[in-house]
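Asker: structure for the following, please:
(chains A and B)
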Amino acid sequence: MATQGPDIAVFGSTPLAWLIAGLLAGEHGCKTSLVWDANGLVTQPTSFDLSVGPITRPETWALLADTVPETTRLIGKIGGKAALRRVDPIFMADTAASANALSHMRHMASAFGHAVEKLPSNGGGSYRLRDTLTINRPVLAAGLARWFKKSGVRVISGGDASIRDDGTARIVLDGETIEAGRAVLADDAAILAHLGAGAFPFVAEDWTGVLAMPEGGPNATASMFIDRDVSMIGAGGGLQIFARGRPNEALPRIGASVQGRGVVRRMGQSAFQRIATCDGGPVIGGLGTAPFAIAELGQIATFLAPALARAIAGRNEGDEAAFMAAHAPEGNRQAVAEYRTSVSREVAL
Amino acid sequence: LSLQVNRLDNASEHKFHGTAIDRSRVVRFRLNGIPIEGYVGDTVLSAALACGIIGAGIHLGHALGLDERFAPHVVPAGSRSDKRLMLPMDRMPAIDGLDLVTLGAQVQVGLMNRLTQLFRGRVSSLGVQIDAGRPDPWLDEVPERTLDADVVIVGGGVAGMSAARAAALSGSRVVLIERRPTLGGDAAYFGAVGDEDKPEAVIARQASALAALSGVTVMLASAAFAVSGDVVMVHRVTQPDGRPVGETVAIKAPRIVLATGSFERLPVFAGNRLPGVVSANAAFHRARQYGIWQGNTAAFATSSSVPYRLAMQASDAGIKTARLADIRPHPQSRFIEFSKAYGITMAPGLIVESAAPADGKHGGLSVQMAEAANGFHREIEPLIVEQLLVCGGFQPDLTLWLMAGGSSRFAPSTGQLQARGELLGIELAGAAAGYHTTAACISSGGAAIARLFKRKAADITELHIDPLYETPDAPAPIGELAPEQSAPAYLDGGGGLHIRAAQPHKSRLPLLGHKAPALPQLAAGVLSVGEVAASVQLGTIAEAMAGIVASERGVTPIDLVAPGAEHTRPVEAAPHLGIPAYLAGRFGPQAQLWTIHAEDSRAFDAGCLIYVNSDSIDPRHAVGVIVGKAPTGIGSLALIGRTPLASGNRLIVKDVSGAASVHLGEIIPPSA
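Answerer: As a prediction, the model looks like this:
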């Protein structure tokens, strides 16, 4: 028997999906379900969250300046203080092109009030941003049940979900059919599962995740190696490391990136795909009637959750509305491109 | 008086005289200062076991048994820092005159004395303070040699030997890697099914056939510890000048067969790795190859029919089986019928709840069993024995398969993780591929080679005996939770040392209808296939996720820095004038490149923002940005969108030291 279900079905298993679902239900009065893979909590993560990134566009920094405090309050409410951790991430470049991009990031971050420190580097560029935030996902997850209940989110794990071309969704769970008027694909796994890797403007990329244990003890630092497509953060007593490419391609770059930390033992490894865009710019929205998708925002995505929830609910105003319009898949994609080594290129004026 | 208290006699008629040893040639050496006596053909481990050293040391305050899947590494005293001389006890030959010490800290004297007392006043433990997650010393070593082959076969059992023969007959250069010092694998333990030839005869024929073939290199006492792409990493123990040394070899081959067999699952109960608790398979190999058996009384706890055969063979050697407990309520097997004829006390429907060191000067184990059929649970009188042999069924050894990128899934009916999917250039064979009988394992070796060479593979016929006559193995038994002071219940043998949680995991996300993360992301560390399977049975890993968790956690804990040595600096693109993509559209469609010059001749970093006046601070109101040095070498190059502009116009550049007045120089056309 089919039942009219929520207005919105949010697909995703990452903090961004959790927050969007809760905000849509709790703040915007949308009848919302979260369709997630709860088993993802026992497998290795495929990303981590950071309140800053190697961003060169002022609009993105401006939006972050608005949404980070909002997100911080929200996460504190859900998971308590321990759900957030302060971290001083280091961004490193090996090549002049990447060092140049980081230099742009440095001045932009400074202009938006961040303390940025230039570090000595061997030919490239290296910067440390002070006092940024990362999310302790297991702690946040522990507070979700209460928050979802209070917000009125229906949580669906398992079942058979399908998304139609008109952007609506159907979920069949234990004999019940749930219809949702609008689907939101809030993470890469959801996009891969429901749109596929080839749906414009998305492309799938192979990535490797490694859990590692430095013998010298844990180090809470976050490091982003721009040219090597390697990022890592101290978490859970060890290091979570992510690198573009399949394991045999990624491990040498990971090895180079943990040099100087003593013996760093691999304790777990995963291979997965992430969604990128063919033009290197973030995507927020859907093409025509396609489901609303969020991709290529990188580690900052979760800290934009309040604005993204407003976008889905149609409640953005002013600069925020302009930001969302600019990042729509049918927008001027060139005007939102960020620096990416694999797609970095010169463009003619 | 011989020190070899656990060596069986070779006077009476039985099968456990020791095929690998030469009893006419005695060797004597020292291990942690303890005098050890053995025979030529012994390994350091078998000689130590023969001399009553059955404990590795202390873990979590309790004694931990010494066995083939977990033994401290040894090194000659005085060469503690030489990694080439750090060798595994089960692959290092016993050589006269050695003076060896184990790696790792020694247990404090008080605990050591307690251990010694527990086991009949003799030194019975190596006394090592065991830490979890201790990696093999050779994992971080750069390979000393690289070999090229057409086919590498990991596992020298009947399937691996069959694959080696098939590959060699087609003209390939073959390397066959076997961890044990002899070929044959576990076929002799399982025995023949139906009308099959005796495995011992099959193994002898296969070994002879291989020896007659050119192009086959057999590496014994060699452990393959990693597979990456087309490279198999192997640690070998060799004796180039009579002295055992380790060598790490990278073998590169476009075709790889993983005939890694299966290992016996460890039933989960408190005290399941105390000294004296031994895998039935390990006990069989100790007895058959080295003539070793601990004590004169034994109990068995099994979920498979295979150990019944061992009980009969042990009986032939004068060992009394006090009880053979089988978790299956109504097991049927030809072995069981024979065991009845042997007068072995069989107890179907029994499970081991716990094992603990027995009180009293005679030592041994006190084994608590319980009736556990159809939800019924009743403990029975504890049993005192010298050895408890356990078998929790068999798990295909998929470690290398998973490491190579292969997949697996959990089969609830058997409690096994089974391989699924395909890998380019890699095939499974034998028990690792899920085959049971000797004949099927042999066929699967040839079939694996055929598939690797894109030839038609022969059909593999597995002999299935009706369950009425041969009851299938049950999943590994899981005992009740024991009191906290009990010895730990380990999830598996080997070096992972993961133990059963004291309390069942409570859901932190009850409203989500799902258990909370049972595996802390990093604290769980590396998990063996057996540990994953046990975790599924215990409910801490969902069945559907078992394959993924096994793939993610079943890695070799190598030092990541080692492969990084190959990384070269990213290639620098040739510099040319242009606008990076991330600046596209930033300052409008009319943006142009200008040279600019500061009043104080300072140079600006890329990214410094340019404003119309010094009051502006919002980057969104910037009219331009520095993109680099001016091509002329004087001043900076800026992308500026404000129009109209002319040479000499003044603007403000903000850098980290503050605002600076600049004037425009000339327009620079972007390069193509």
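Asker: what's the end-to-end length of stretch A:42-50?
Answerer: End-to-end distance for stretch A:42-50, by CA to CA, to the nearest Å: 21 Å.
Asker: oh, I was asking about stretch A:239-257
Answerer: Stretch A:239-257 has its terminal residues 12 Å apart, counting by CA to CA.
Asker: ranges for the strands of the stretch 51-200 of chain A?
Answerer: Taking DSSP state E, counting those that start in this stretch to define them, one finds strands in the stretch 51-200 of chain A at A:84-87, A:90-93, A:116-118, A:125-129, A:132-135, A:154-157, A:160-163, A:169-173, A:176-180, A:182-185.
Asker: in the shortest one, what counts as buried?
Answerer: Within strand A:116-118, the residues that qualify as buried are A:V116, counting by 16 or more other CB atoms under 10 Å in any protein chain shown. Where you see a C-beta, it was placed from the backbone N, CA and C, and this is true even at glycine.
Asker: ok, which stretches of the stretch 1-150 of chain A are helices?
Answerer: With DSSP state H, counting those that start in this stretch as the criterion, the stretch 1-150 of chain A has helices at A:15-26, A:58-79, A:96-111, A:137-142, A:144-151.
Asker: to clarify, my last question referred to the stretch 151-300 of chain A.
Answerer: For the stretch 151-300 of chain A, applying DSSP H, counting those that start in this stretch gives helices covering A:188-194, A:247-257.
Asker: repeat for chain B
Answerer: Ranges of helices in chain B, per DSSP state H, are B:44-50, B:109-118, B:158-169, B:187-190, B:199-211, B:280-290, B:306-316, B:334-342, B:399-403, B:438-452, B:529-538, B:546-553, B:561-564.
Asker: pLDDT on the longest one, on average?
Answerer: For helix B:438-452, mean pLDDT is 96.
Asker: who are the packing partners of it?
Answerer: Helices and strands touching helix B:438-452, by 3 or more CB pairs under 8 Å, 6 or more residues apart in numbering or on different chains; DSSP states H and E, are helix B:158-169, helix B:187-190, helix B:199-211, strand B:255-258, strand B:426-428.
Asker: any chance of those in CSV, plus mean neighbour count?
Answerer: Below are those laid out as CSV (neighbours: other CB atoms under 10 Å in any protein chain shown):
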stretch, mean neighbour count
helix B:158-169, 28
helix B:187-190, 22
helix B:199-211, 16
strand B:255-258, 29
strand B:426-428, 25
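Asker: on that earlier part again, to chain B, which of the helices of the stretch 151-300 of chain A lies closest?
Answerer: helix A:247-257 (2.0 Å; CB to the nearest CB).
Asker: relative to the whole chain's centre, how far out is the closest one?
Answerer: Averaging C-alpha positions (CA atoms, centre = their mean, to the nearest Å) puts helix A:247-257 22 Å from its chain's average.
Asker: same question, stretch A:81-91
Answerer: Offset of stretch A:81-91 from its chain centre (CA atoms, centre = their mean): 15 Å.
Asker: and B:V656, how far from A:K118?
Answerer: 8 Å (CB to CB, to the nearest Å).
Asker: cool, B:Q313 as well?
Answerer: Separation of B:Q313 from A:K118 (CB to CB): 74 Å.
Asker: next: B:P477.
Answerer: To A:K118, B:P477 is 62 Å away according to CB to CB.
Asker: cool, and A:V172?
Answerer: A:V172 sits 55 Å away from A:K118, going by CB to CB.
Asker: what do you get for A:S33?
Answerer: A:S33 is 47 Å from A:K118, by CB to CB.
Asker: repeat for A:A220
Answerer: As for A:A220, its distance to A:K118 is 21 Å (criterion: CB to CB).
Asker: and B:P244, by the same measure?
Answerer: With distances taken as CB to CB, B:P244 is found 54 Å from A:K118.
Asker: okay, now the unreliable bits of the chain?
Answerer: Picking chain A for this. Residues of chain A that meet the criterion pLDDT under 70 lie in A:1-6, A:218, A:341-349.
Asker: wait, chain B
Answerer: Low-confidence segments of chain B, defined by pLDDT under 70: B:1, B:108-122, B:132-134, B:360-362, B:374-375, B:503-524, B:562-578, B:670-672.
Asker: residues in contact with B:R255?
Answerer: Listed by CB atoms under 8 Å, 6 or more residues apart in numbering or on different chains, the contact partners of B:R255 are B:150-152, B:167, B:172, B:425-427, B:449, B:452-453.
Asker: kindly report the same for B:L560.
Answerer: A:210, A:212, A:241, A:251, A:254-255, A:258, A:264-266.
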